[in-house]
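Undergrad: the following comprises the amino acid sequence and a computationally predicted model.
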Amino acid sequence: MTIAPKYDPSIVEEKWYSFWLEKKYFHSEPDNRKAYTIVIPPPNVTGVLHMGHMLNNTIQDVLIRRARMLGFNACWVPGTDHASISTEAKVVAMLKERGIDKRDLSRDEYLKYAWEWKEKYGGIILTQLRKLGASCDWDRTAFTMDDIRYESVIRVFVDLYNKGLIYRGVRMVNWDPKALTAVSDEEVIYKESHGKLYYLRYYLDSEISDNSENSGIKKNEKGQYIVVATTRPETILGDTAVCVHPEDPRYTSLKGHSVVIPGVGRAVKIIMDEYVDREFGTGALKITPAHDINDYNLGLKYNLETIDIFNDNGTLNEHGLQYAGMDRFACRKQIVKDLEEAGLIEKIEDYTNNVGHSERTDAVIEPKLSAQWFMRMSDVAKKALEVVEDDTIQFHPAKFKNTYRHWLENIKDWCISRQLWWGHRIPAYYYEVDGKSEVVVAATRDEAYRLACEKHPGAVKNADDLHQDEDVLDTWFSSWLWPISLFDGIRNPDNEEIKYYYPTDTLITAPDIIFFWVARMIMAGEEYRHEVPFHHVYFTGIVRDKLGRKMSKSLGNSPDPIMLIDKYGADGVRMGMLLTAPAGNDIPFDESICEQGRNFSNKIWNALRLIKGWEVSEGTDQSNKSNKSDKSTQSDKSDKSDKSPQSDTLYNNNVSVQWMEMRMAQVLEEIEKDFNEFRLSEALMKSYKLVWDDFCSWYLEMIKPAYGTPIDRETYEATIGIFDRLMRILHPFMPFVTEEIWHALAERPEGASIMLQHMPHSVFYDQRMLDDFEMAREIIAGVRNLRNSKGLSPKEVLDLYIKGNCPAMFNGIICKLGNVGKIESVTDKVEGALSFMVGTTECFVPVSLNIDKEAELKKLNEELKYAEGFLATVMKKLSNEKFVNGAPEKVVAVERQKKADAESKIAALKAQIEALG
RNA sequence: GAUCUGUUAGCUCAGUUGGUUUAGAGCGCUUGCUUGACAGGCAAGAGGUCAACAGUUCAAAUCUGUUACAGAUCACCA
């Protein structure tokens, strides 16, 4: 049988993924096992797979595969969200390509195109996830706008409206002039931008006498004026007042006067309010109630006129005078030019401030007054905070609790309406009564009609006369129901599935949507299930490039994940991503870590090749295989005789198997702990080392038969069994290569899969034996080091004399791996031999070549210096009376042992130095 | 500006209620290997005054305070 020397993931991955799909091994139905549920953070339909998805979904797959192997009924539900704003942009672009203008379409016609687009491109990410090995229950694939989810959203809206938690009102909202919709506070990203601060001259409409020295009133040939600083000179068109601080001596004389808006000619009142910061600019503030939230509030307080100067798309409307029709930024340029020419600008300074941008379109947000729907947050926020504070929901890492708390304690009402067509249309219906608009909210038009008739009998003739709200709901208003609506828990709160799968177990997501999504899911869970939606939230980091920059399309610094998979295999990429990704830490991504993953697959592959290449001998003589190995300890070196186990292969193999079993149990214990604490990268690293270091580098070398000789069946079987379990441990991380190896290790029944096997559990292990092996390992390393540093050939057989404690159990293994001819215990040091120490044990290796005395002395003196330094730190403690009396007995005893060991080591080193010198 | 979190080897990170032979891992680096599984490999090795200072303690990478730097979240004054 020949196996290719290099592992080729491409064929293997294709093969096993189809196998899993065909057997429906990812599918889950409620049964009598405990459920372990994960709902995917729905990627939006406009996206393609990026590195963030790779990380996020790899983690989900690891957790779900592990849960499945631990005996849970694991269910990972995939899906996508409709992303109203982003999709709108895509669909409009598609229409444009076909020569269609959105404005020429009716709502229904437009939606037909939108669905067409969604059907065609909306599933790309989910398809790509299959290449990653994601074990999602694809039969459950959901979409935020499919029937169940759509209806759930509408019902929730109606319910919250009836509970008084949803209201409609005219407020200052964040307007996205590109998407032509309002967005929520969370969808505004403030970016530092370099602008100008313009100092404008507002002339007084009438002369006043103010002779005070520090008056803010200036004068030139055209008259008296005050200076107002602004970053947005175009908004003067909407000014309806100028405000100064009532206690600002510069402006006290202005009380009751008016000033003229430069270039506009309209006179506006001077108002006095403490809101103004006297230190900033000139201490005089122009008030534009229609375009600034603070100005708006002042407008309400002083009953100012509100002049909206913008159209929805950011151009100026009829209030923009000669600038009407211009874009707001073009207008700014022009108005500055005009004012300058008119001598109305005092000065212009460079200025840096933060400007809000739309998260989706990057357009500069325009504060705008408009009628929108809002959800009251204060009560739901309180509950959502509680369950995180008391750890009913645990965040990993926990530091995100702070961020979460801060947001919830300062929460504002959520603007949930969007002026778009693609989405869940708000179920509010309007009609007129005596010229006044009335509204009813109901899940269906018929129901709305019934309500309207009840409220105002005779006002509406038939259902078709009701006018439904044109707006749709924020996409997050559907995502926040995801853990519930996926199992139809809104429409059918008592159905089997919701009761079985909810609450879900772990949510894996990026920290940047902690408010958008995590917090709101918790609110929805409390509101509709009176139960949290998940018990753990695992926050991943952000994938960055080597230079620490975020990966983005515009920078072009993001590798194509599918290309990476083609190059390194899905297992390799999965491992690469996870190795450097402790929870919440950013990942400086470098392709080379995927290479490490690929190399690991290859290493496992080659271990298989080795084992499969062995000839197995039947019916071996078992004479030397008594159970003495179990009792083998340091003390039994005396019963070593001519029949020593040093050359007894069966004995050595038996010891090796025992050691490997215990080592595996020990590491499993640590891995289990890591998983409980969501330390996935640690768990992976430990698994990696268990396979590569302990299994490949040590265990396989220990039992490897000499060339051309067979291995005994018992050891062979044990090795297959160990390999089998190692693959199971690794399977959640590297599903493909482990499935392939697992099948190659033994004949499996038709349809068998590693993904359905039980995860090995830690069992009892003998720490003493593991410690003894550590010592043997150090002795082997010592011998190898001697060869290396002295230029001795690995082929030259050396003898080893040991003075001091040394467990004999591993002597045969030391001989094999160190190429040692014999090991003898001595009571005196051996003359003319090279030496090294392991702990307090001295090892001597006689060699034929001349010993470089000087080099030896140098090495010994360095060791001596270290040992003496060490002893000094120990003595410092022991000579401190307070330590000896104050520290626990155990700690003092350890220090005493350290002292004794150090002293014996120093003595041995000194003796060796003396012998040389 | 406010709050929070960090700072440990060249890089990325562990280090759990202070004490376990004067700090661990992976990668990288250095040296030597055509070793009958694997150069996508093997063996060995070097590398850190735990950001700085002060304090608490018998004992500090670990607890407290100050400073410096970095990051995150929120807010934002024209």
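TA: Received the coordinates, thanks.

Undergrad: quick one, domains of chain A?
TA: For chain A, automatic domain parsing gives the domain ranges A:181-367, A:428-468, A:575-765, A:798-807+A:822-916.

Undergrad: need the distance between the two termini of the shortest one.
TA: Here the two ends of domain A:428-468 are set 6 Å apart, with distance taken as CA to CA, to the nearest Å.

Undergrad: show me what contacts A:Arg520?
TA: For A:Arg520, the residues meeting the contact criterion (CB atoms under 8 Å, 6 or more residues apart in numbering) are A:Trp414, A:Trp476, A:Ser479, A:Trp480. Just so you know, the C-beta spots here come from the backbone N, C-alpha and C atoms, and that holds for glycine as well.

Undergrad: which among those gets closest to A:Ala519?
TA: For these, the residue nearest A:Ala519 by CB to CB is A:Trp480; the value is 8.7 Å.

Undergrad: picking up where we left off before, out of the contacts of A:Arg520, which is nearest to RNA strand B?
TA: Distances from RNA strand B to these, taken as CB to the nearest atom of the strand, are shortest for A:Trp414 (12.1 Å).

Undergrad: the closest residue to the closest one other than its chain neighbours: neighbouring residues, count only.
TA: Using CB to CB, 6 or more residues apart in numbering and skipping the chain neighbours, the partner closest in space to A:Trp414 is A:Met375 (4.5 Å). By the other CB atoms under 10 Å criterion, the neighbourhood of A:Met375 contains 21 residues.

Undergrad: what of A:Gly548?
TA: For A:Gly548, the number of neighbouring residues by other CB under 10 Å comes to 8.

Undergrad: residue contacts, it?
TA: Residues in contact with A:Gly548 (CB under 8 Å, 6+ apart) are A:Asp586, A:Pro588.

Undergrad: that one and A:Val573, how far apart?
TA: Plainly put, A:Gly548 is 21 Å away from A:Val573 if you go by CB to CB, to the nearest Å.

Undergrad: what about A:Met54, which SS state?
TA: When the structure is split into helix, strand and coil by DSSP: H, G, I helix; E, B strand; the rest coil, A:Met54 lands in helix.

Undergrad: coming back round to it: tell me the bridge partners for the residue nearest to A:Trp414.
TA: Note on A:Met375: beta-bridge partners by DSSP bridges are A:Ile166, A:Trp414.

Undergrad: wait, isn't it in contact with A:Lys163?
TA: No: under the criterion of CB atoms under 8 Å, A:Met375 makes no contact with A:Lys163, lying 10.5 Å away.

Undergrad: hmm, back to that, which of the contacts of A:Arg520 sit farthest apart?
TA: A:Trp414 and A:Ser479 (12.8 Å).

Undergrad: which of the two has more neighbours?
TA: Neighbour tally, A:Trp414 and A:Ser479, criterion other CB under 10 Å: the higher count belongs to A:Ser479, 26 against 23.

Undergrad: report how many residues lie close to A:Ala855.
TA: Burial measure for A:Ala855: 11 neighbouring residues, criterion other CB under 10 Å.

Undergrad: hang on, it in a strand?
TA: No: A:Ala855: not assigned to a strand; according to three-state DSSP it is helix.

Undergrad: show the pLDDT at it.
TA: As summarised for this prediction, A:Ala855 has a pLDDT of 82.

Undergrad: from A:Ser789, how far out is it?
TA: Relative to A:Ser789, and taking CB to CB, A:Ala855 is found at 9 Å.

Undergrad: what of A:Val227?
TA: Separation of A:Val227 from A:Ser789 (CB to CB) stands at 81 Å.

Undergrad: tell me which of those two has more neighbours.
TA: Using other CB under 10 Å as the criterion, A:Val227 and A:Ser789 rank with A:Val227 on top: 18 against 11.

Undergrad: make sure that one is indeed in a helix.
TA: No: judged by three-state DSSP, A:Val227 forms no part of a helix; its state is strand.

Undergrad: one step back: can I get the domains of chain A in TSV including distance to RNA strand B?
TA: Shown next, in TSV, are those (distance: least, CB to the nearest atom of the strand, whole Å):
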stretch	distance to RNA strand B
domain A:181-367	3
domain A:428-468	27
domain A:575-765	3
domain A:798-807+A:822-916	3
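
Undergrad: for A:Asp108, which of the ones you listed is the nearest?
TA: Distances from A:Asp108 to each of the domains of chain A were compared using CB to CB; the minimum, 12.6 Å, belongs to domain A:428-468.

Undergrad: dump the residue contacts of A:Ala752.
TA: A:His743.

Undergrad: list phi and psi for it.
TA: In this entry, A:Ala752 is assigned phi and psi values of phi -70, psi 150 (degrees, to the nearest 10).

Undergrad: over to A:Arg201?
TA: With angles defined as degrees, to the nearest 10, A:Arg201 shows backbone torsions of phi -100, psi 120.

Undergrad: neighbours around it, how many?
TA: 22.

Undergrad: which residue packs closest to it, ignoring adjacent ones?
TA: A:Tyr225 (4.5 Å).

Undergrad: pretty sure the one you found contacts A:Ile208?
TA: No: in this structure, A:Tyr225 is not within contact of A:Ile208 by CB under 8 Å, at 11.5 Å.

Undergrad: between those two, which one's more packed in?
TA: Ranked by neighbour count (other CB under 10 Å), A:Tyr225 and A:Ile208 place A:Tyr225 first, with 21 against 13.

Undergrad: please name the bridge partners of the more buried one.
TA: On DSSP bridges, the residues paired with A:Tyr225 through beta bridges are A:Tyr203, A:Lys218.

Undergrad: so what pLDDT did it get?
TA: Here the pLDDT value assigned to A:Tyr225 is 94.

Undergrad: does A:Arg728 lie in a helix or a strand, and which?
TA: In the assignment (DSSP states H and E), A:Arg728 maps to helix A:713-730.

Undergrad: which residues are in contact with the residue nearest to A:Trp414?
TA: For A:Met375, counting by CB under 8 Å, 6+ apart, the contacting residues are A:Leu160, A:Leu165, A:Ile166, A:Asp413, A:Trp414, A:Ile416.

Undergrad: now the residues you listed in a markdown table, with pLDDT and distance to A:Ser253?
TA: Compiled in a markdown table, the contacts of A:Met375 are given as follows (pLDDT from 0 to 100; distance: CB to CB, whole Å):
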| residue | pLDDT | distance to A:Ser253 |
| --- | --- | --- |
| A:Leu160 | 98 | 53 |
| A:Leu165 | 97 | 50 |
| A:Ile166 | 97 | 49 |
| A:Asp413 | 94 | 42 |
| A:Trp414 | 96 | 46 |
| A:Ile416 | 97 | 48 |
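
Undergrad: mind listing the shared neighbours of A:Tyr225 and A:Ile208?
TA: When CB under 8 Å, 6+ apart defines a contact, the residues bordering A:Tyr225 and A:Ile208 alike are A:Ile217.

Undergrad: got phi/psi on A:Lys347?
TA: With angles defined as degrees, to the nearest 10, A:Lys347 sits at phi -160, psi 170.

Undergrad: could you pull out the strands for the stretch 451-600 of chain A?
TA: If DSSP state E, counting those that start in this stretch is used as the criterion, the strands of the stretch 451-600 of chain A fall at A:467-468, A:472-473, A:504-509, A:534-539, A:543-544, A:587-588.

Undergrad: what about the fifth one, distance to the chain center?
TA: Read that as strand A:543-544. Here strand A:543-544 shows a centroid-to-chain-centroid distance of 10 Å under the convention CA atoms, centre = their mean, to the nearest Å.

Undergrad: now the helices for the stretch 701-850 of chain A?
TA: Taking DSSP state H, counting those that start in this stretch as the criterion, the stretch 701-850 of chain A carries its helices at A:713-730, A:735-745, A:767-790, A:811-818.

Undergrad: I figured A:Leu200 hits A:Pro262, correct?
TA: Yes: A:Leu200 sits in contact with A:Pro262 when judged by CB under 8 Å, with a separation of 5.1 Å.

Undergrad: quick one, which of these two is more surrounded?
TA: For A:Leu200 and A:Pro262, the more surrounded residue by other CB under 10 Å is A:Leu200, and the numbers stand at 27 against 23.

Undergrad: please consider this matter closed, and thank you.
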